[in-house]
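Enquirer: below is the sequence, then the predicted model.
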Amino acid sequence: MSGSARRLFDDLRTLRVAIIHPPGEDRGVLEEQLRRIGCPVRAVWPFPAQLPADADVIFFLVGPECRSAGHWCAADSSATLIALSDYENPTALKMLVDTQPHGVITKPYRSTGILSTLVLARASSGYQQRLNSKIAKLEEAIKARRHIEKAVRILMDSQRLGENEAYEHMRARATSLRITVGEIATMVIDAHEAMEKLGFGKHAGS
């Protein structure tokens, strides 16, 4: 076994797995194969209203119980979700779309295919989390930029500065105080709003 393959299996053995499925032969097949892989497994039934918080991977039955449990999906958890589907009818397909699983296993469950589904679902989940992290950072950067632009406009208006002068003033103060330009922008905006509340703002009395 290569080093990368060994690391993959070592990682899988650390995964805490929850199976949301009624007792029976079908669940037994899943539990047996996952334990053979080395994953700590626990079964959950009846269907919980919320995703188990202490699981890294959640296998869940797509059915009426899932629909009545409330609205939850992959976006509500950092866990990898793998759907267990009985049928491929329109209702089941809609529930798959709504819950946004990272993988799907259809009946009859067999020991073959569970490992590959688990590996691919984990890869998909990790990729999705990295994308979400990048999106969150981009949104935060855009928000911070707008915050700074608002402070620049306040300085331009109140101090009769040009746009570049206003920004450079904030940047110089940030360097001097060893804080970020965003924090300086917050100070400018807070001071401006405080002055307006005291009646010293440009639009006081209007």
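Expert: Great, that's in hand.
Enquirer: list the buried residues in stretch 53-71.
Expert: For stretch 53-71, the buried set under the neighbour-count rule, 16 or more other C-beta atoms under 10 Å, comprises 55-63, 65-67, 69. C-beta here means a position set from N, CA and C on the backbone, and glycine is covered the same way.
Enquirer: that should have said stretch 139-159, apologies.
Expert: In terms of neighbour count (16+ other C-beta under 10 Å), stretch 139-159 has its buried residues at 147-148, 151-152, 154-155.
Enquirer: out of these, which comes closest to Q100?
Expert: Proximity of the buried residues of stretch 139-159 to Q100 (C-beta to C-beta) peaks at H147, which lies at 32.1 Å.
Enquirer: OK, contacts around the closest residue to that closest one other than its chain neighbours?
Expert: Sequence neighbours aside, A185 is the residue nearest to H147 in space, at 5.1 Å (criterion: C-beta to C-beta, 6 or more residues apart in numbering). With contacts taken as C-beta atoms under 8 Å, 6 or more residues apart in numbering, A185 has the following neighbours: 147-148, 150-152, 170.
Enquirer: and the residues you listed as JSON lines, adding pLDDT, secondary structure and distance to H192?
Expert: Converted to JSON lines, these look like this (pLDDT from 0 to 100; DSSP: H, G, I helix; E, B strand; the rest coil; distance: C-beta to C-beta, whole Å):
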{"residue": "H147", "pLDDT": "92", "secondary structure": "helix", "distance to H192": "13"}
{"residue": "I148", "pLDDT": "94", "secondary structure": "helix", "distance to H192": "14"}
{"residue": "K150", "pLDDT": "94", "secondary structure": "helix", "distance to H192": "9"}
{"residue": "A151", "pLDDT": "94", "secondary structure": "helix", "distance to H192": "8"}
{"residue": "V152", "pLDDT": "95", "secondary structure": "helix", "distance to H192": "12"}
{"residue": "M170", "pLDDT": "93", "secondary structure": "helix", "distance to H192": "13"}
